[in-house]
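Sequence first, then the predicted structure:
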Amino acid sequence: MRGIALKAILALAACAVLVVTLGNSSGSKASSTLIFAGAADPTYLDPALASDGETFRVTEQMYEGLVALKPGTTKVIPKLALKWKSANRGKTWTFWLRHGVKFHDGTPFNAAAVCANFNRWYNWSGAFQDPSATFYYQAIYGGFKHNEVSGLQPPLYRSCAAKGQYKAIVKLRKASGTFFPSLVIAPFSMQSPTAMRKYGADQGELRNGTFRATGSYAFEHPTGTGPFKFKSWTIGQKVEIVRNDKYWGQKAKLSRVIIQPISDSTARLQALQNHDVNAYDLAAPQDIPTLSGNSSLKVIKRPAFNVAYVTIHQGSGPMKELKVRQAVAYGLNRKGVVNQFYYGTGKVAQEFMPPSLYGYAKKVQTYAYNPTKAKQLLNSSSCHVPCHIDFWYPTAVSRPYMPDPVRNFQGFQASLENSGFSVTPHSAPWRPTYVAKVNEGSAGDLNLIGWTGDYADPDNFVGTFFNQTTANAQFGFSNASINSLLLKAKNEANFAKRVALYQKLNQQLMKYLPGVPYAHATPALGAEKRVHNLIATPVGGVWFQYATVG
Amino acid sequence: MLKFIVRRLLLLVPILIGLSFLVFIWIRALPGGPAEALLGERATPEAIAKIERDYGLNKPITVQYWDYVKTTATGDLGTSVTTRRAVTDELKQRFPATIELAIAAMLFSLLGIPLGFFAAKHYGKAIDSASLFVSLLGVSVPIFFLAILLKYVFAVQLGWLPTTGRVDARIDFDHPTNFYLLDSLWTGDFSIFWDCVKHLILPAIALGSIPLAIIARITRAAVLDVQNEDYVRVARAKGLSPREVDSRHVLRNALLPIITIIGLQTGLLLSGAVLTETVFAWPGIGTWLVDAIRSRNFPVLQGGILFVSVIFVLVNLAVDVTYAVVNPKIRVS
Amino acid sequence: MSVAELEAREVGLEGPSSGLWSEAWRRLRHNPSAIVGFVMVGTFVFVALFAPLIATHDPLEQDLSLLNGGCCPGPSAEHWFGVDALGRDLFSRVVYGARYSLLIGVVSVAVGLSIGLLIGAIAGYAGGWVDSLLMRLMDIMLSIPGLLLAIGIVAALGPGLVQIMIAVGVTQIPIFARLLRGSILATKETDYILAARSVGIRGRVILSSHVIPNSISPVIVQGTLALATAIIDVAGLGFLGLGPQDPSTPEWGTMLTDTTRYLQTAPFLALIPGAAIVISVLGFNLIGDGLREALDPRFRGRA
């Protein structure tokens, strides 16, 4: 009797062992590891010192800012700050902070930590003042406490005071509309002051004119408050992050995320097809049908955050007249081009910024393709049919907002010729000539160009295009009304007022027509069907917090 | 003998100088600078000017060359424009990956020796013509096409082997030498070693197939030559068994041109590595340089190409010396 | 002293005689692989020359309506090789691609051969410091692996069809230079040349009636093989994106660049141009190999 029981127990034990070992074989069953392929390695894991999307993809999992964008949208929501208020005409900002948050190294997150971060940025000196080190800080805040390099703006920041554990008061030297929205972006995340001090986060040098961090913080000890924490970084090969089990919010479902750089987009596609990775970013538009057609894969689309447009140079030639510019707008078959050459990932743009961004006007003047109207306008202007124009386009390039410039041009050329224009084509390779020519205004009457947003603020779009310098150089115009609206919106601290100003600006722009926007493209991710809740943000990041595999 | 080696070493100096000058000039001749490549639409004139200042691109050319020689002599190959890391550091990481691939490909190509030998033994018969045809076919297929085919058949369709990288991303292990096969053996975990091997198989086959075809052909030709030499006929007449004739006389003497050809394959392996690595996303020198060209990463291009060429020159030197050691006839010239 | 020079030396040892050529031709005609090679190359050249008559469609014409189901419809009665990602007929593109490959091969080899032979002749005949200097230059060029050198030249000249032809041609200069120089050196030392000189025949005559005819055979062999290499190298450059910048150019290597992403859905897009490259290159290699065997005096008496 005992013998049989013993054998039975042993047999059961053997089965259990078998089941456990088989169950642990990776790949076939639900996994708590996600492998993600990006296009390049991060530069530093200290986001304050970086400006590339690949770095931010990783740091956005480990660090958090005072505020954040609602995942997948451009709406600002509380994160490490629960409440905020601006006073003194936008020069003083009070933040009430979340309680009970700890950095990954156990340091408590509090007002002192917030001020430590702000003051760190403000007090940077030497090599850190080089734009290759602190691009975003300089873009928003201008200069530092002691500007050591000429060409730096006076600093926007004045001081930060901690009132108790959970109240931080930031004072600025003047009102700024971009200060608050910029707090969502990765470079302004809150980092552990203890870890930064311990591992030399402020050690760096200039080598061959470029900044290099020399402390170990940015390579081996990045410390934030996020749902994932750092495990390891094999430079050039992969970054590994693991779940933060002490996270203050909703804990991640995945226990491990590995991010690998694969620079060739076809190699990324094939890695996914072969299930070497679970998902990848920057899917080439031509691959979207392949992904959709594969029964085990899917496409995850981002809300569009870019714009492709046709510059109209008014400096000399017929474009000075509004009627001629309007004729161009009516003469471009934008719908046809977007339908044919964007492989299903584009939509026609009606304004110079994407619809998902606040400040997008609900109603603007639109210009549906209408050759007859275009000809009428021309004949009532000083440039009768045929109106001779020079149209430039780039070769040897594919941009996220304009995957196929040559064919876009060919489509536009044909529709413009139908609309009473006589188009002389010119082209130049994207590098080194084309961009320079466009920027300095020597690329004909019309040229194709575009922009991908850096951060979710209208100033990054319309401010970049139509500030006085660029308006003059690239577009050849100077319009007092547009310029003053731009400046007013940039410096307006009240959010609602700002939104209204940008909406008004967009309406004016679509009446004045300094150019004609034509497409917003939605760069996509490819993923296995069994990956769920992987959220792609408009500005190019990815959220792993809610994702699961299998 | 020593005089020969010394003479060849001295010849190295003007070659290296000429090479560094060539690379330097070439970099400056590349259209556009790193600025436009990095900045894209954000390439305002001020940003471009700043990058040019930082890289000393607006100093007179002689000053630039002298700076370049000075820094290179100290072993500082500059800073990569895209990753901001020292070029030397990236080289240290990338080079072992390419070497590992090249050695694996070379080992694979040594299969050409028995193949060529077999073909020579059956000279004139159908098998010989067939093997000749196959080896010519091997030389006629572009490496990247072969790589794509292998990837398609074995990875995408059959799923037997992985498509990219050197090891499964889920696996963690220390690689101090960056030679993954060695490092994984050192960990004692056989499954890691096996995973590294699996990743190496397809790229090694793709890269090694052309050298294999060449080695097979040369082996066949060399064996055929030697077989008809007098001393082999004498050996046969003496009554030695065919196996003894082969091993003692034929092979040993045929080995000479074979060894030379193996050495000469280095150039082919280095060039082929560029294409093979691109197809398999192998993180070696090839992908590094191709990315650097696309992003106009001057320091990487300068340092990388110089380094690769120096290695190539040294290997050629080693081959010539080996050849001279083995074949006394040459030294006299 | 390199293997190439050794080979050149061995081939050049025999004196010139009309018997060499007629016997070589006879051996070539009986070599089955060489015959296959001739057929392949013949087809290739025929297709290249008569492309407009052979192609069924315009290689540049796009019919995007065919792509409504995504990429790409495979071979059919209307489109023998199927249709590519922009709705163009693949058969016609492959046919016209033969023209580009032939052109590229011939021009690159012509560049490499003419300049290389010139340098080799000067070096071999002048000797002394001129020889040393030129050969050092060749060594420097050879010290950069072939494809990297070609990439470097294309990067400096900018991408484009003409540029890759020049780049590939330049990479072949050192090979021809060393070949001819080796041949000349070998011939210079032979007895009958010494005899001719001692009898008082002028250098120029010796050059034209003895040295050059002797050196031609390895050059012919090398030239054929160089054609094969040129086609492959150009395809490689095109694959890396350094070739003709207008993506509508039907050059085989460039056609392979963008089609590798469709391996799972439309493999024929990559397989067919790739096969075309292999066939034409194989043809040249077979001929070159056959020529080498035919012209090699060591094989005399063994046929």
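Arrived safely.

which parts of the stretch 151-300 of chain B sit against chain C?
Contact residues, the stretch 151-300 of chain B versus chain C (CB under 8 Å from any CB of the partner chain): B:151-152, B:156, B:225, B:257, B:260-261, B:264, B:267-268, B:270-272, B:274-275, B:278-279, B:289-290, B:293-294. Using the backbone N, CA and C atoms, a C-beta is placed for each residue, glycine as well.

10 Å - rerun?
Residues of the stretch 151-300 of chain B found near chain C (CB under 10 Å from any CB of the partner chain) are B:151-153, B:155-157, B:210, B:213, B:217-218, B:221, B:224-225, B:228, B:257, B:260-261, B:263-264, B:266-275, B:278-279, B:285-286, B:289-290, B:292-294, B:296.

Check those for burial and list the buried ones.
B:151-152, B:155-156, B:210, B:213, B:217-218, B:221, B:224-225, B:257, B:260-261, B:263-264, B:266-275, B:278-279, B:285-286, B:289-290, B:292-294, B:296 (16 or more other CB atoms under 10 Å in any protein chain shown).

Give me the subset of the residues you listed lying in strands.
Using DSSP state E, no member of these falls within strands.

quick check: longest helix of chain B.
In chain B, with assignment by DSSP state H, the single longest helix is helix B:190-227.

Please spell out which residues along that one are buried.
For helix B:190-227, the neighbour count (16+ other CB under 10 Å) marks B:192-193, B:195-196, B:199-227 as buried.

per-residue confidence averaged over it?
Throughout helix B:190-227, pLDDT has a mean value of 87.

name the helices or strands packed onto that helix?
helix B:87-109, helix B:112-121, helix B:126-140, helix B:143-150, helix B:180-187, helix B:230-238, helix B:251-280, helix C:268-295 (3 or more CB pairs under 10 Å, 6 or more residues apart in numbering or on different chains; DSSP states H and E).

mind listing what's buried in the second one?
By neighbour count, with 16+ other CB under 10 Å as the criterion, the buried positions of helix B:112-121 are B:112-113, B:115-121.

for the fourth one, same thing?
The neighbour-count criterion (16+ other CB under 10 Å) identifies B:143-150 as the buried residues of helix B:143-150.

export those residues to a markdown table and tack on pLDDT?
Listed next are the buried residues of helix B:143-150 as a markdown table, based on pLDDT from 0 to 100:
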| residue | pLDDT |
| --- | --- |
| B:Ile143 | 87 |
| B:Phe144 | 85 |
| B:Phe145 | 87 |
| B:Leu146 | 89 |
| B:Ala147 | 87 |
| B:Ile148 | 82 |
| B:Leu149 | 86 |
| B:Leu150 | 87 |
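
Of these, which is the nearest to A:Ile535?
B:Ile148 (33.9 Å; CB to CB).

Is the closest one in contact with C:Pro273, as I believe?
No - counting by CB atoms under 10 Å, no contact exists between B:Ile148 and C:Pro273, whose distance comes to 11.4 Å.

any common contacting residues for those two?
Shared contacts of B:Ile148 and C:Pro273 (CB atoms under 10 Å, 6 or more residues apart in numbering or on different chains): C:256, C:259.

what about the closest residue to chain C within the stretch 201-350 of chain A, which SS state?
Using CB to the nearest CB, A:Pro289 is the residue of the stretch 201-350 of chain A that sits closest to chain C, at 3.6 Å. Here A:Pro289 is recorded as helix under DSSP: H, G, I helix; E, B strand; the rest coil.

With the one 3 residues further on instead?
Assigned with three-state DSSP, A:Ser292 falls in the helix class.

so which strand or helix has the residue nearest to it when sequence neighbours are not counted?
Closest residue to A:Ser292 apart from its sequence neighbours, by CB to CB, 6 or more residues apart in numbering or on different chains: A:Val299 at 5.7 Å. Following DSSP states H and E, one finds A:Val299 within strand A:297-301.

Same question for A:Arg158.
Using DSSP H and E, A:Arg158 falls in strand A:157-162.

Isn't the residue of the stretch 201-350 of chain A closest to chain C up against A:Tyr343?
Yes - between A:Pro289 and A:Tyr343 a contact is recorded at 7.1 Å, counting by CB under 10 Å.

Work out the gap between the strand holding A:Arg158 and the centre of the chain.
Relative to its chain's centre, strand A:157-162 lies at 28 Å (CA atoms, centre = their mean, to the nearest Å).

Run through who's touching the very next helix or strand once past that strand.
The element immediately downstream of strand A:157-162 (helix or strand, assigned by DSSP H and E) is strand A:167-172. Strand A:167-172 has contacts (CB under 10 Å, 6+ apart) with A:66, A:81, A:83-88, A:90-97, A:110-115, A:117-118, A:141, A:155-163, A:179, A:183, A:493.

who does the next helix or strand after strand A:167-172 touch, helix- and strand-wise?
Proceeding N to C from strand A:167-172, the next assigned helix or strand is helix A:179-182, under DSSP H and E. Other helices and strands packing on helix A:179-182, by 3+ CB pairs under 10 Å, 6+ apart, are strand A:67-69, strand A:81-87, helix A:135-141, helix A:495-512.

helix, strand or coil for A:Phe477?
Applying three-state DSSP: A:Phe477 is coil.

my guess is it contacts A:His313, does it?
Yes - A:Phe477 is within contact range of A:His313, at 8.7 Å (criterion: CB under 10 Å).
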